[in-house]
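> Got a predicted structure plus its sequence, pasted below:
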Amino acid sequence: MDKELKQIQDLIIGASIQAQKDRHGAISPAFVGRVDWPAECTVGPGLEGAIACETEIGYVNGTQGALYYRGYRIYDLCAYANYEQVAYLLLKGKLPTPKQLTNFSRKLTENLFMPKVIRSLIGFDVEKMSPMASLNLATTVMKQYFDDSIMDQKKAQKNNSDDFIGTDEDSMGMETLPFGEQKAVYEFDAKKKKRKVDEDKEKETFSACCHLISGLATCAAAISRIRQGLMPLDPDKNLSFAANYLYMMTGKRPTAVEEKIMDVSLILHADHGMNASTFASIVVASTLSDLYASIGAGISALKGPLHGGANEQVLNMLDGIESPEAVAEWYKNATRKKEKIMGFGHRVYKTYDPRAKILGPLAHFMTDYAGPDAKKTLQIAKNLENEVVSTLGKSKGIYPNVDFYSGIVYKALGIPSEMFTPTFAVARCSGWTARVVEYLATNRIFRPRAIYTGDLDREYIPIEERRKQQ
């Protein structure tokens, strides 16, 4: 088994070397460094291009296909670390020492035990709900069973609310003088740049983060089993986070190979810039709502098919192609009909998604354990990748993204397709919580503007006269 683990490590290192060769010159960092607020930027619909905050947690270079967590290359973290180390890194800003890792891993394992939460979920008929809706519900239930003193909202507001900047303290740019200003007037200098963090509150928040990270894993696994008519399983104190997740979901203790590949999958999905679900979590947190509600907002955003769930759609698409030999004709027909090819292209990356560079070889490695059907699906995927990249790669920068191979990997690990997106959420929870905690250190409630395009000064017509207009 050690030999196979070394093979997996070598595959990841090989992907890293290939990524370096594929780059065109050195990485030219963009959107880095401290911001001189208020910042000027070009903003598109949906706040595209807007600079919302500063962060030290994650960095994506879409042009060069590079992804970093706290300055560490994603390839190195996948090759040498496990999910517990990466979660600690995201939350604390540094990789743990052996003692810190032991204590943190123990804390995560202890938080995996949630009998009261699971009993409550069973009472909600979660088998009739979508898995993501059930997982969102779980965050509310988890909050109810969490120690009230840890996330007491009144205490948080009493101690901290005066340290934050509210939108109403500023003057927003008004349209007409002399009643307003041509430009907004900000109160950044009137408040502390960074509020003093109470040590006890910091420990309490860290405990809540751990509670959520572990809780989502336990609840997702339980939801999966309940949907199959099976009883949820308690975690095994002797298993790692990744191994426990697979065990609680499938009922089988994973092999070392399955554990490592699950670890890598969790690491790859832990954080990825200011995506929709991360932004949703931060927006809710900026109102000084509780951490559980913030993570629930992230789950709700991830539930949307334009954000999460694409890996399930990829698998459905691949299953719809009869054979590897039929790929070329299928692709020709799909492009003629202008159908979307799932799992290709990314809002940020204009080159090969580094996460897909890792998952592709791992999917190939896993199919040796998953039987002929998995090998057929993988070959269809490889043939489709060749078709898309040869026609749209260099010309339009469309390459496989993280979703293209992750579904194949999840299926080989025994994860049901409807649990792909919840698994995404389980992995991303460490990134969500880290980003929320970081943002709250210099919190400012979000308050963008909308441009009004409707009519003005319309005449009100009494209801009895409106029939005459029809």
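Sure, I can see it.
> Strands along the stretch 301-450 of the chain, start to end?
Applying DSSP state E, counting those that start in this stretch to the stretch 301-450 of the chain gives no strands.
> Would you map the helices across it?
Under the criterion DSSP state H, counting those that start in this stretch, helices of the stretch 301-450 of the chain are mapped to 310-319, 327-336, 354-370, 372-388, 394-396, 402-412, 420-440.
> and V32, what does it touch?
Listed by CB atoms under 8 Å, 6 or more residues apart in numbering, the contact set of V32 reads Y59. For the C-beta atoms, the positions are set from N, CA and C on the backbone; glycine is no exception.
> domain ranges for this structure?
Following automatic domain parsing, one gets these domains for the chain: 2-311+413-440, 312-412.
> how long is the first one end to end?
From its first residue to its last, domain 2-311+413-440 covers 43 Å (CA to CA, to the nearest Å).
> Next SSE downstream of the helix or strand of the chain with the lowest mean pLDDT?
Using mean pLDDT, DSSP states H and E, helix 153-160 stands out as the lowest-scoring helix or strand of the chain, at a mean of 49. Toward the C-terminus, helix 153-160 is succeeded by helix 199-227 as the next helix or strand (DSSP states H and E).
> Do me a favour and average the pLDDT over that following helix.
The average pLDDT within helix 199-227 is 94.
> Sort out which residues of it are buried, please.
Neighbour-count burial for helix 199-227 flags 204-227 (criterion: 16 or more other CB atoms under 10 Å).
> Give me the helices and strands touching the next helix or strand after that helix, please.
Downstream of helix 199-227, the first helix or strand assigned by DSSP H and E is helix 241-250. Counting contacts by 3 or more CB pairs under 8 Å, 6 or more residues apart in numbering; DSSP states H and E, helix 241-250 packs against helix 83-92, helix 98-111, helix 199-227, helix 256-268.
> ok so, going back, compare the domains of the chain and give me the one nearest D455.
D455 lies closest, by CB to CB, to one member of these: domain 2-311+413-440, at 16.6 Å.
> starting at the chain centroid, how far to that closest one?
Here the centre of domain 2-311+413-440 is set off from its chain's centre by 6 Å, with CA atoms, centre = their mean, to the nearest Å.
> I51 is in contact with C41, correct?
Yes. Counting by CB atoms under 8 Å, C41 touches I51, with 5.1 Å between them.
> Low-confidence ranges, the stretch 201-350 of the chain, go.
Across the stretch 201-350 of the chain, nothing is flagged by pLDDT under 70.
> repeat that with 80
Low-confidence segments of the stretch 201-350 of the chain, defined by pLDDT under 80: 346-350.
> Flag the shaky bits of the stretch 351-470 of the chain, pLDDT-wise.
The model of the stretch 351-470 of the chain has pLDDT under 80 over residues 368-371, 467-470.
> coming back round to it: present the helices of the stretch 301-450 of the chain as TSV; the columns should include mean neighbour count.
Formatted as TSV, the helices of the stretch 301-450 of the chain follow (neighbours: other CB atoms under 10 Å):
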stretch	mean neighbour count
helix 310-319	21
helix 327-336	14
helix 354-370	22
helix 372-388	18
helix 394-396	10
helix 402-412	26
helix 420-440	26
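> Pipe the ones you listed into CSV and attach distance to A19 per row.
Shown next, in CSV, are these (distance: least, CB to CB, whole Å):
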stretch, distance to A19
helix 310-319, 21
helix 327-336, 25
helix 354-370, 6
helix 372-388, 16
helix 394-396, 17
helix 402-412, 14
helix 420-440, 21
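> Quick one: closest of those helices to P98.
helix 420-440 (19.9 Å).
> the inter-axis angle of that closest one versus helix 199-227?
Helix 420-440 runs at 170 degrees relative to helix 199-227, counting by axes from the mean of the first three to the mean of the last three CA atoms, to 10 degrees.
> between helix 420-440 and helix 241-250, how big is the angle?
Angle, helix 420-440 to helix 241-250, by the same axes, to 10 degrees: 140 degrees.
> Now do helix 420-440: which elements does it pack against?
On a contact count with 3+ CB pairs under 8 Å, 6+ apart, helix 420-440 meets helix 83-92, helix 131-145, helix 199-227, helix 256-268, helix 276-286, helix 291-303, helix 310-319, helix 402-412.
> a markdown table for the ones you listed, including distance to R23?
Shown next, in a markdown table, are these (distance: least, CB to CB, whole Å):
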| stretch | distance to R23 |
| --- | --- |
| helix 83-92 | 24 |
| helix 131-145 | 36 |
| helix 199-227 | 33 |
| helix 256-268 | 19 |
| helix 276-286 | 26 |
| helix 291-303 | 30 |
| helix 310-319 | 25 |
| helix 402-412 | 19 |
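> looking at these, which is closest to V35?
Proximity to V35 (CB to CB) singles out helix 276-286 among the helices and strands packed on helix 420-440, at 15.7 Å.
> remind me which residues of the stretch 1-150 of the chain are low pLDDT?
Along the stretch 1-150 of the chain, the parts satisfying pLDDT under 80 run over 1, 22-31, 33, 62-63, 147-150.
> Strands of that one, residue ranges please.
Along the stretch 1-150 of the chain, counting by DSSP E, counting those that start in this stretch, strands occupy 58-61, 66-69, 72-73.
> export those to CSV and tack on distance to D263 and mean neighbour count?
Formatted as CSV, the strands of the stretch 1-150 of the chain follow (distance: least, CB to CB, whole Å; neighbours: other CB atoms under 10 Å):
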stretch, distance to D263, mean neighbour count
strand 58-61, 18, 20
strand 66-69, 14, 22
strand 72-73, 15, 15
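> For S294, which of those is the nearest?
That would be, of these and by CB to CB, strand 58-61, which comes in at 17.3 Å.
> Note down every partner strand of that closest one and its orientation.
strand 66-69 (antiparallel) (DSSP bridges).
> Which residues outside the partner strand are in contact with it?
Outside strand 66-69, the residues that touch it by CB under 8 Å, 6+ apart are 19, 23, 27, 57-61, 73-74, 77, 86, 89-90, 270-272, 354-355.
> related to what we said a few turns ago, in terms of neighbours, single out the busier of C41 and I51.
Set C41 next to I51 and count neighbours by other CB atoms under 10 Å: I51 wins out with 15 against 10.
> Report the contact partners of that one.
Taking CB under 8 Å, 6+ apart as the test, what I51 contacts is F31, V35, A39, C41.
> got it, and L302?
Counting by CB under 8 Å, 6+ apart, L302 touches M132, A276, S277, G308, T421, F424, A425, R428.
> Would you convert those into TSV that also reports distance to K237?
Shown next, in TSV, are those (distance: CB to CB, whole Å):
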residue	distance to K237
M132	29
A276	36
S277	31
G308	31
T421	28
F424	26
A425	24
R428	25
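> related to what we said a few turns ago, reformat the domains of the chain as JSON lines; add distance to P448.
Formatted as JSON lines, these follow (distance: least, CB to CB, whole Å):
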{"stretch": "domain 2-311+413-440", "distance to P448": "6"}
{"stretch": "domain 312-412", "distance to P448": "19"}
